[in-house]
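Chemist: Structure here, sequence nowhere to be found:
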C-alpha cells in the first residue's frame, strides 16, 4: 500500500538510526556491551521495592490504580521539591511536575517553546533522545562544540547574534552524555548571562549530576538563576530505576503550567503506582545512602576501564576522564569513520556507539565513539577494551 | 517576567479548560460527582495485583526496573495480539505496540500523520483529550454531528469533497464519549468506503467496547478493513486499571514503525513494571471473567440512573440510553447554556460536565451535558439526579 506520502514531515525527519541496529546486536547474550546508558541492574533495590509495591496496592490500591492528576502525585512532588530546594534548584516561586522520565521532560519543554522552523542550540555531541525530540518538532538544531570545560561560548553568542528564531539552549552540563565532560563554573555563569542578554531559555538536563565519584560538585545552572530562565530536568532513572519511568521538571510557574497542559494530551499523567512506590521508597530508606553505593560502583568501573584503555589502546587515541556519570568519549585522530570500527568490534563481540549518532548532523562521519562502563563486570571490561585495542592497533597497520 | 511571547503557538491554542475547574470542585469529598470517566475503584483487583507486583520484582526485577524497548514488553504484546486476533482486529500482517494509555496512542497516531494546518474529521461532541491532542498539532478540526446511529456520513463526505488537506477521521464508534452512542454497522461500512475513496485513514478509539451490558456486539471498523486503513487504539484503563497507564495500538506495519519512532522521543517506552504486572494478571486470572463483573455493575448503575432520570427530570430533557460504556448524554431544548446548569448544581453538591467541553468549538454554548454513572453508589445516583431534576424544573419556572 502507498502510504509514505501521507505521513507528517516530522516522521520523515526522524530516520531509523544506526544505533537501533547496534543495540539489537549488542543485546545478543554473548556480547560485551558498552553501548547503552543503562544503570547497573545489581544496584536495583528489588527486595525493598517488592515489599513496597505490595504494601502500596494493599493499603492504597484505589489511588494507585485510578486516574491521577497531570501535575503528579503530591507526596512525591513534595519530596522532590525538598531535594531540589536543598541544592537551591527549586526556588520559592518555582513549581515542580512529575513526568514519565526525563525524556518526556525534555520533550515537553521543547513542545512548550518551539514552533516549526524555530531554533534550539544544542551541544555537539549530545543526547540523541533529546536531539530527536527537537527534530520531531521540525526545529532547527544549531550545534556548538563541547570543549573540555563545556560548550564553546563564543559559538553560542555568535549563533544568537545571527539568528533571532533561537528560543532555547539545551545542555547537559554535568557528566555530559556522551562526552562525560562537565561544564566549568565560569561557563555556566556565562551561559546564564548570554541567555538573559538574548532573552532565551535554558533546558538544563541533569540525569547524572548525583553520580559524582571524584572531584567536587559544581552548582547547577538553575541554582544560580534568579530570573526564571532555566528549566531543570531531573530523573530517577540513574539513581533508582529507569523501568519506573519517573522524572521531574522544576521551572517558574508560567512554564510548568504550560507543561501540564501539553503533558495532559501526551499521556494524561505519569504512572501513579510507580510514583507511590518511589515515594514510599524514599520515606522508608535513604536514597542518598543508596546513591553513595551506586557512585562507588561506577567509580570503580570507570577507573578500571580507564586503566584498561591506558594499557590496551594505541597512543593515538584520546579520551575523556570523567569524574562521574556513565560515559567515556574516545576520539581517534584525523578522518576515521568510527562506524567502521564499531562494525569490526561487533564481529569480535564487543559493542559501543559510533560518534556520528550523537551529532546534530548524523550523516557526517565521526572520529569519536562512546563507551559505557556502568553495566559490565571488570572482567568483561578488560576483555572488551583489549579487543577494541586490537582493532584500533590494526587500523594503523 | 514577560514570557508569553516566547511560547509556541500550540500552547496558545490549548486554553485552560472549564472542565479542570469543575473537576477540582468535583473532587471535594462531599460532592456527588458524575464528572469523570473513572472506572469504579471497587472493581480493581487490588489483592491479586499486589501479589503479582511483589512476585514480578522478586523474580524478574532486573527486567521490570531496567530500560525496555519502545515497542513494548513482548509477552504482553503477544497476549494483546491474541485477544485482538480473536475479534479480528489484528490481521496477520498487522503490528501491535504497547503505549502509555490510549491517550498516547491517539496522540501518536496524530503525530505520525498531521502537519500543521492539516485536517482531521472529528465527532461533535467527542473526547476532549483527543481534541486537545489534535489542537496541539495545530491541526484543523472538522466537526461532524453525532446522530443516534453515529456520525452523519453526508457531512463526512461533503467535508472530504471540499478539503484535500484532511488526512484522518477520529471516531469512538462504540459507546461514544461523551454521548454513549454506538455507530450502526451500516455507517461503519460506509465510513470505511469513504476512507478508501478519499485515501484517508481512520483512528478507531475503542476503550469502552468490552463494556457492553445490553444488546449485541457490532464488529469494529478495524475488523472489517482489509486495506490497512484503520488504526485501532485499545486500553486497559476501563477493564483493569487506568493508573497503570497501559494501552495498545494495532495497525499495519508501516504505521506502527512510525509510531515507534515518535513514541521513542515522547517517553522512550511504556512503564515496563506495569506491563509485566498486566501480563501476569492475564496469565493467572481470567480478565474476561473480570470484565463480566464490571459490565454487570455498570449495567446496574446505568439502568438505575436512567430510572432516576425518568422519574426526576422534567419531560423536556432528552437523553441517550446507552447499551454499554460509562456515559449518558442529556440535552435540553432550545438555547440553554448548560454551563449555568452545572454551576447551579455544584452549589447543591452535584457535579457533571457541560456539553461545550466536548465540542470542536468550545466557545459556543451547548444545551447538552454528560453524566457518568460508573463510580457513584445507587443511593448517591438517586440523590444527585433528584437535585439535578430540581434545578432543571426551576429553569422552566
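Modeler: Thanks, I have the structure now. Please read all numbers here as calculations on a predicted model, not as lab measurements.

Chemist: next helix or strand past the helix or strand of chain A with the lowest mean pLDDT?
Modeler: The helix or strand of chain A with the poorest confidence is helix A:18-26; it has a mean of 71 (mean pLDDT, DSSP states H and E). Where DSSP states H and E defines the elements, the next helix or strand beyond helix A:18-26 is strand A:32-33.

Chemist: which stretches of chain A have low pLDDT?
Modeler: Under the criterion of pLDDT under 70, the regions of chain A flagged as low confidence span A:1, A:15-20, A:396-397.

Chemist: which stretches of it form strands?
Modeler: Taking DSSP state E, the strands of chain A run over residues A:32-33, A:95-99, A:119-124, A:140-147, A:150-151, A:166-171, A:201-205, A:230-235, A:247-251, A:318-319, A:327-331, A:350-351, A:353-354, A:368-372.

Chemist: Return the distance of the second one from the chain's centre.
Modeler: Spelled out, it's strand A:95-99. Between the mean C-alpha point of strand A:95-99 and the mean C-alpha point of its chain there is a distance of 18 Å (CA atoms, centre = their mean, to the nearest Å).

Chemist: domain assignment for chain A?
Modeler: Segmentation of chain A into domains, based on automatic domain parsing, reads A:4-45+A:289-396, A:66-284.

Chemist: Would you point to the one among the ones you listed that's packed deepest?
Modeler: When neighbours are counted by mean count of other CB atoms under 10 Å in any protein chain shown, the highest per-stretch mean among the domains of chain A falls to domain A:66-284, a mean of 21. No exception for glycine: its C-beta is placed from N, CA and C like everyone else's.

Chemist: and residue A:97, what does it touch?
Modeler: Listed by CB atoms under 8 Å, 6 or more residues apart in numbering or on different chains, the contact partners of residue A:97 are A:70-72, A:77, A:248-249, A:256, A:259-260, A:263.

Chemist: mind checking how far it is from residue B:379?
Modeler: Taking CB to CB, to the nearest Å as the measure, residue A:97 falls 37 Å from residue B:379.

Chemist: do residue A:156 as well
Modeler: Taking CB to CB, one finds residue A:156 at 65 Å from residue B:379.

Chemist: Same question for residue A:141.
Modeler: For residue A:141, the distance to residue B:379 equals 59 Å [CB to CB].

Chemist: next one: residue A:306
Modeler: Distance, residue A:306 to residue B:379, using CB to CB: 70 Å.

Chemist: now the helices for the stretch 151-300 of chain A?
Modeler: With DSSP state H, counting those that start in this stretch applied, the stretch 151-300 of chain A shows helices at A:153-162, A:185-197, A:253-267, A:272-284, A:287-312, listed in chain order.

Chemist: cool, and the stretch 1-150 of chain A?
Modeler: According to DSSP H, counting those that start in this stretch, the stretch 1-150 of chain A carries its helices in the segments A:9-13, A:18-26, A:46-64, A:74-86, A:102-113, A:128-136.

Chemist: Distance to chain B added to those, as a markdown table?
Modeler: A markdown table is the format used below for the helices of the stretch 1-150 of chain A (distance: least, CB to the nearest CB, whole Å):
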| stretch | distance to chain B |
| --- | --- |
| helix A:9-13 | 5 |
| helix A:18-26 | 9 |
| helix A:46-64 | 3 |
| helix A:74-86 | 12 |
| helix A:102-113 | 5 |
| helix A:128-136 | 4 |
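
Chemist: Need those in CSV (columns: distance to residue B:193).
Modeler: Supplementary listing: these in CSV, determined by distance: least, CB to CB, whole Å:
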stretch, distance to residue B:193
helix A:9-13, 27
helix A:18-26, 38
helix A:46-64, 45
helix A:74-86, 50
helix A:102-113, 36
helix A:128-136, 33
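
Chemist: Go through the ones you listed and name the closest to residue B:178.
Modeler: Of all those, helix A:46-64 sits nearest to residue B:178, with 24.4 Å by CB to CB.

Chemist: how about the closest one: buried residues?
Modeler: Of the residues in helix A:46-64, those with enough neighbours to count as buried (16 or more other CB atoms under 10 Å in any protein chain shown) are A:46, A:48-58, A:61, A:63-64.

Chemist: Chain B contacts on the stretch 101-250 of chain A?
Modeler: Among all residues of the stretch 101-250 of chain A, those adjacent to chain B (criterion: CB under 8 Å from any CB of the partner chain) are A:101, A:103-104, A:107, A:111-116, A:118, A:129, A:132-133, A:136, A:167, A:199-201, A:227-228, A:237, A:241-245.

Chemist: run the last query once more with 7 Å
Modeler: Within reach of chain B by CB under 7 Å from any CB of the partner chain, the stretch 101-250 of chain A has these residues: A:101, A:103-104, A:107, A:111-116, A:129, A:132-133, A:136, A:167, A:201, A:227-228, A:241-245.

Chemist: sorry, back to before: nearest to residue B:87, of the domains of chain A?
Modeler: With CB to CB as the yardstick, what comes closest out of the domains of chain A is domain A:66-284 (25.4 Å).

Chemist: ends of stretch A:24-32, how far apart?
Modeler: End-to-end distance of stretch A:24-32 (CA to CA, to the nearest Å): 13 Å.

Chemist: now that stretch: how far from the chain's centre is it?
Modeler: Centre-to-centre, stretch A:24-32 and its host chain are 22 Å apart (CA atoms, centre = their mean).

Chemist: does the closest residue to residue A:81 other than its chain neighbours have beta-bridge partners, and which?
Modeler: Distances taken as CB to CB, 6 or more residues apart in numbering or on different chains place residue A:96 nearest to residue A:81, at 4.9 Å, with adjacent residues excluded. According to DSSP bridges, the partner residues bridging residue A:96 are residue A:250.

Chemist: how near is residue A:96 to chain B?
Modeler: Separation of residue A:96 from chain B (CB to the nearest CB, to the nearest Å) stands at 18 Å.

Chemist: Test my guess that residue A:313 contacts residue A:390.
Modeler: No - contact between residue A:313 and residue A:390 fails when scored by CB atoms under 7 Å: they sit 9.9 Å apart.

Chemist: who touches the closest residue to residue A:200 other than its chain neighbours in this structure?
Modeler: If you skip the residues right next to it in sequence, residue A:200 has residue A:167 as its closest partner in space, 5.7 Å away by CB to CB, 6+ apart. Under the criterion of CB atoms under 7 Å, 6 or more residues apart in numbering or on different chains, the contact list for residue A:167 reads A:113-114, A:118-120, A:200-201, B:6.

Chemist: The residue nearest to residue A:81 reaches residue A:78, doesn't it?
Modeler: No - counting by CB under 7 Å, residue A:78 is not a contact partner of residue A:96; they are 8.7 Å apart.

Chemist: rewinding a little: could you dump the contacts of residue A:167 to CSV with distance to residue B:385?
Modeler: Supplementary listing: the contacts of residue A:167 in CSV, determined by distance: CB to CB, whole Å:
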residue, distance to residue B:385
A:113, 46
A:114, 47
A:118, 51
A:119, 55
A:120, 53
A:200, 54
A:201, 50
B:6, 48
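
Chemist: Which single one of these is nearest to residue A:328?
Modeler: Out of the contacts of residue A:167, the one with the shortest distance to residue A:328 is residue A:120. That distance is 26.6 Å, counting by CB to CB.

Chemist: The closest one bridge partners, please.
Modeler: Here residue A:120 sits in beta bridges with residue A:141, residue A:168, going by DSSP bridges.

Chemist: Surely it touches residue A:171?
Modeler: No - taking contacts as CB under 7 Å, residue A:120 lies outside contact range of residue A:171: 10.7 Å.
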